[in-house]
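Student: sequence plus the predicted model coming up.
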Amino acid sequence: MSEQLPFEKPIIELRNKISELKTFTREKDIDLSDEIKKLEVRLEQLEEDIYGNMTAWDRVQLARHSKRPTTLDYIEHLFTNFMELHGDRFYGDDAAIVGGIAKFEGEPVTVIGHQRGKGTKDNLKRNFGMPHPEGFRKALRLMKQAEKFNRPVICFIDTKGAYPGKSAEERGQSEAIAKNLIEMAGLRVPIVCIVIGEGGSGGALALGVGDRICMLENSTYSVISPEGAAALLWKDAGQAKRAAETMKITAPDLKELELIDEMIPEIRGGAHRNLEAQSGYIRQTLKSALLELNKIDRNDLVEKRYEKFNKIGEFDDENGLIAKE
Amino acid sequence: MRLLWGETVIRDLFTKKKKYATIPSEQAKQEVPEGLMTKCPQCKSIIYFKELKKTLLVCDHCEYHHRLSSTERIEMTLDEGSFQEFDKNMVAKDPLNFPDYKEKSALDRKNTGLNEAVVTGSGTISGMEVIIGVMDPRFRMGSMGSVVGEKMCRAIKIAADERKPFIMFAASGGARMQEGVFSLMQMAKTSTALNLLHEKGILFISIMTHPTTGGVSASFASLGDINLAEPKALIGFAGRRIIEQTIRQKLPDDFQTSEFLLDHGQLDQVVPRKNMKSTLTNILEIHQTS
C-alpha cells in the first residue's frame, strides 16, 4: 500500500503544485509568493474539509495503513523499562501478540497488544497480526501475572481477527478466546483497552474486556470485516465501502452508540503523520483512566466491570408476538 | 405432529426462489396428519415420523441426530411439566437500522412462533432444579444478538442468586451481524455473567449441538465446567470455507466435528442424545450440595 490514500488525492495534488511553484520561484527568480500564499490557504481549507469529513471507508483505510503505528511503536513512546515476555507455557510463542512489563509515568504496568508486521518478512513472522490460540494464552498468562503483582493491564487492540487456520482450530481457538473473556471479567486489577487500528471480531475482543474501552479516532471495531459483511449481505465483497457505513464500525459511530467510553483524537491525516504527538494524546487518556481506576477497590472493580458489560444491548422487553399465550 | 425442521431445509434447496413459501407456519405444522413419513438426510432411509419421535429424532439406521427445536429439546431434557419460561416476550430492536433486519426477524417470528433465538427458564432434571437456556437454530440461524445475550445473562443471574446449576444448549452460527458491535459485545457480556457463577462456585454445563460456531463457540459455549457435545455436531471458530481459502488446503471431512474436538482435547465427552438426560442427571447428582 502506498503512503497516500485515494481520498487524500486532491490534497496531495495541491501540495505538489505548491512545491512546484516554490521550485520555480527559486530557479527562475520570478516572485510567485502571492500565488503560493493563496494556494497554501486553499490547502489548509482543503485539508480541513477532507480530513474533517471522512467517510467510514476512509477511516477503514487509515486504520489499515501500512505506516500506521503499531503496538510496539506506542510501547516505545509511552513506557519506560519495557521488557518483553514471551510464550504461553503450553505450546509456543505467538509473535502476533506482544506483551511484557514496563513502567508508565513511573508506575509498574503490564502491557499487551496485537502486533502487525512491518514489511513482508516481519508480517510473515507475525502472521499479519492474526493470533493463534497460544497468542491469546500468552496474553492471559501475562494478565494473571499482573494480577498477582497488583499492576494495571493496558491492552492495545489491532488485528483483522483471530487466525482462521487448521492448526488454530485444532489447538482450540474458540476456547482460547472464550477463556480470555471470562478471565478478564474476573481480573482484580484495572484494565484499559485501546483500539489503535483494526478491532476485528473475537480476536480483538479477546484483549478487550476492560474497565475502559477507548478507540483512536481512525480505528475500527467490528463483528465482521466490511468485506465479509458485503459478501454475506450483497454477495459482493466489492461493496465493502457500503458495508463499512452500514455496520457502524468507526470510533465516532461507536462513541455515539455508547459502545465505547472514549474516542482519542488523532493527528490530522492519521496517527502515522506524527507518532510523538499521537502518543501524547494516548498518554493523557491513559493517565486519567488509570488515576480513576486505581482509586477503586479491587473487588468493586470486578463488580463494576460486570455492570458495564451487562448493560450493553438494545432490546424490547415486552412486545413479543406470543404475548397472547 | 410436526414437520421436521431438517426436512423443510432440504426442500428449500429445490425451491430457492420461493425460499420462505415452503416453510409451514406454526398453524400448518399442527395440521400435518399423523403417520407422516420422513427421509433421513444422511442415510436416506424413509422413517415414520412417529418412530423417529420415539428415538428422540435420532435415525435408527445411521444415528443421524436431527436438529431439534427449542421446544423439543426442553421436552427431552426436563421433567415433564417442570419448565417455567423467563422473558418470553423480549424481542430484538434494530440499533443499526440494518437493511431488512426488522423484516427478517418478523418473518422468523411468524415461522417459528418464537420471539428470539434462545429460550430460557427454570425446571427440573430427575427432580433436581436447574436454570436452562436452549438456542433454536431456526431463528436467525440461532445467532446471538442483544436479546440472546440479555436473556442468557438474566438466566445466569437467577442461577447465581438462587444457587442453581446452569445448563446451556448452544446451537448457533455465531454473533448476529445485523446488530454489529452490539452482538460482538454479547460475547463479553455473557462471559462476564458466567464469571458470577465461577466466583460463587456454581456449576455450568455447556452442551454444544449442531452447529456451534463463531462468536458463540468463542464465548459462553466453551466455558462450561463440563463441556459436552452431541455426536457429529459442527463446532468451531472459523468457517470451513474461510480456512480452506486461507491455508489453501482441503480440510478432512471430520474437521470441526464433535469427534474431532474430542480427539484434540477440546471436549469432556460426546454424548448421544439418548444418553443426554442420564448424563446430565449424573453430573447434577455429583454436584448436589448439602
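Tutor: Sure, I can see it.

Student: hey, where'd the strands end up in chain A?
Tutor: Under the criterion DSSP state E, strands of chain A are mapped to A:80-84, A:97-104, A:107-114, A:153-159, A:191-200, A:212-216, A:220-222, A:262-264, A:315-316.

Student: again with the stretch 1-150 of chain B
Tutor: Using DSSP state E, counting those that start in this stretch, the strands of the stretch 1-150 of chain B run over residues B:37-39, B:46-48, B:84-86, B:91-92, B:118-125, B:128-135.

Student: picking up where we left off before, distance to chain B, mean pLDDT and mean neighbour count added to the strands of chain A, as CSV?
Tutor: All C-beta spots, glycine's among them, are computed from the backbone N, C-alpha and C. Shown next, in CSV, are the strands of chain A (distance: least, Cβ to the nearest Cβ, whole Å; pLDDT from 0 to 100; neighbours: other Cβ atoms under 10 Å in any protein chain shown):
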stretch, distance to chain B, mean pLDDT, mean neighbour count
strand A:80-84, 26, 98, 12
strand A:97-104, 16, 98, 22
strand A:107-114, 16, 98, 23
strand A:153-159, 12, 98, 28
strand A:191-200, 9, 97, 28
strand A:212-216, 9, 98, 26
strand A:220-222, 6, 97, 28
strand A:262-264, 14, 97, 19
strand A:315-316, 5, 93, 17
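
Student: nearest to residue A:271 among the ones you listed would be which one?
Tutor: strand A:212-216 (6.2 Å; Cβ to Cβ).

Student: name the helices or strands packed onto the closest one?
Tutor: strand A:191-200, helix A:251-256, strand A:262-264, helix A:275-294 (3 or more Cβ pairs under 8 Å, 6 or more residues apart in numbering or on different chains; DSSP states H and E).

Student: chain A contacts on the stretch 1-150 of chain B?
Tutor: Proximity of the stretch 1-150 of chain B to chain A is confined to B:87-93, B:95-96, B:98-99, B:109-110, B:113-115, B:146-147, B:149-150 under the rule Cβ under 8 Å from any Cβ of the partner chain.

Student: 7 Å instead, please
Tutor: Residues of the stretch 1-150 of chain B lying near chain A by Cβ under 7 Å from any Cβ of the partner chain: B:88-93, B:95-96, B:98-99, B:109, B:113, B:115, B:146-147, B:149-150.

Student: weed out the non-buried ones from those.
Tutor: Neighbour counting with 16 or more other Cβ atoms under 10 Å in any protein chain shown marks B:88-93, B:95-96, B:98, B:109, B:113, B:115, B:146-147, B:149-150 as buried within the residues of the stretch 1-150 of chain B next to chain A.

Student: ok, back up a step: how about the strands of chain A in a markdown table, adding distance to residue B:43?
Tutor: Below are the strands of chain A laid out as a markdown table (distance: least, Cβ to Cβ, whole Å):
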| stretch | distance to residue B:43 |
| --- | --- |
| strand A:80-84 | 55 |
| strand A:97-104 | 45 |
| strand A:107-114 | 46 |
| strand A:153-159 | 43 |
| strand A:191-200 | 40 |
| strand A:212-216 | 50 |
| strand A:220-222 | 41 |
| strand A:262-264 | 56 |
| strand A:315-316 | 42 |
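
Student: of these, which is nearest residue A:47?
Tutor: Taking the strands of chain A one by one with Cβ to Cβ, strand A:212-216 is closest: 18.9 Å.

Student: quick one: that closest one to strand A:191-200, angle?
Tutor: Counting by axes from the mean of the first three to the mean of the last three Cα atoms, to 10 degrees, strand A:212-216 points 40 degrees away from the direction of strand A:191-200.

Student: residue A:186: neighbour count?
Tutor: 18 (other Cβ atoms under 10 Å in any protein chain shown).

Student: could you tell me which residues make contact with it?
Tutor: Residue A:186 makes contact with A:302, B:195, B:198, B:199, according to Cβ atoms under 7 Å, 6 or more residues apart in numbering or on different chains.

Student: give me the subset of those lying in helices.
Tutor: Counted as lying in helices by DSSP state H, out of the contacts of residue A:186, are A:302, B:195, B:198, B:199.

Student: follow-up on the earlier one: out of the contacts of residue A:186, which is most surrounded?
Tutor: residue B:195 leads those on contacts (other Cβ under 10 Å) with 24 neighbours.

Student: report pLDDT for that one.
Tutor: With respect to pLDDT, residue B:195 has a value of 97.

Student: tell me the spacing between it and residue A:313.
Tutor: 17 Å (Cβ to Cβ, to the nearest Å).

Student: for the closest residue to residue B:259 other than its chain neighbours, what are its contacts?
Tutor: The shortest distance from residue B:259 to any non-neighbouring residue, by Cβ to Cβ, 6 or more residues apart in numbering or on different chains, is to residue B:270 (6.1 Å). By Cβ under 7 Å, 6+ apart, the contact set of residue B:270 is B:229, B:231, B:258, B:259, B:262.

Student: what's the farthest-apart pair in these?
Tutor: Greatest spacing in the contacts of residue B:270, by Cβ to Cβ: B:231 and B:262 (10.0 Å).

Student: returning to what we had before: got the phi/psi numbers for the residue nearest to residue B:259?
Tutor: Note on residue B:270: its backbone torsions stand at phi -100, psi 120 [degrees, to the nearest 10].

Student: do the same with residue B:258
Tutor: Given degrees, to the nearest 10, the pair of backbone angles that residue B:258 has is phi -50, psi -40.

Student: count of neighbours near it?
Tutor: 26.

Student: pretty sure it contacts residue B:231?
Tutor: Yes. The pair formed by residue B:258 and residue B:231 meets the contact definition of Cβ atoms under 7 Å, at 5.8 Å.

Student: re the thing from before, inside strands: which ones of the contacts of residue B:270?
Tutor: residue B:229.

Student: next, format the contacts of residue B:270 as CSV and append pLDDT.
Tutor: Output for the contacts of residue B:270, formatted as CSV (pLDDT from 0 to 100):
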residue, pLDDT
B:229, 98
B:231, 96
B:258, 97
B:259, 96
B:262, 97
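
Student: I'd say residue B:226 and residue B:283 touch.
Tutor: Yes. The pair residue B:226 and residue B:283 passes the contact test of Cβ under 7 Å, sitting 6.0 Å apart.

Student: shared neighbours, the two?
Tutor: With Cβ under 7 Å, 6+ apart, residue B:226 and residue B:283 have common neighbours residue B:205.

Student: quick one, helices of the chain?
Tutor: In the absence of a named chain, chain A is used. Going by DSSP H, chain A shows helices at A:9-28, A:33-52, A:56-63, A:71-78, A:119-125, A:133-148, A:166-170, A:173-185, A:201-205, A:226-234, A:240-246, A:251-256, A:275-294, A:298-310.

Student: sorry, should have said chain B
Tutor: Under DSSP H, chain B gives helices at B:5-14, B:26-31, B:49-54, B:70-77, B:101-112, B:146-162, B:180-200, B:214-217, B:240-247, B:258-263, B:273-286.

Student: who are the contact partners of residue B:129?
Tutor: Residue B:129 neighbours (Cβ under 7 Å, 6+ apart): B:122, B:164.

Student: quick one: it from chain A, how far?
Tutor: Going from residue B:129 to chain A by Cβ to the nearest Cβ, to the nearest Å gives 24 Å.
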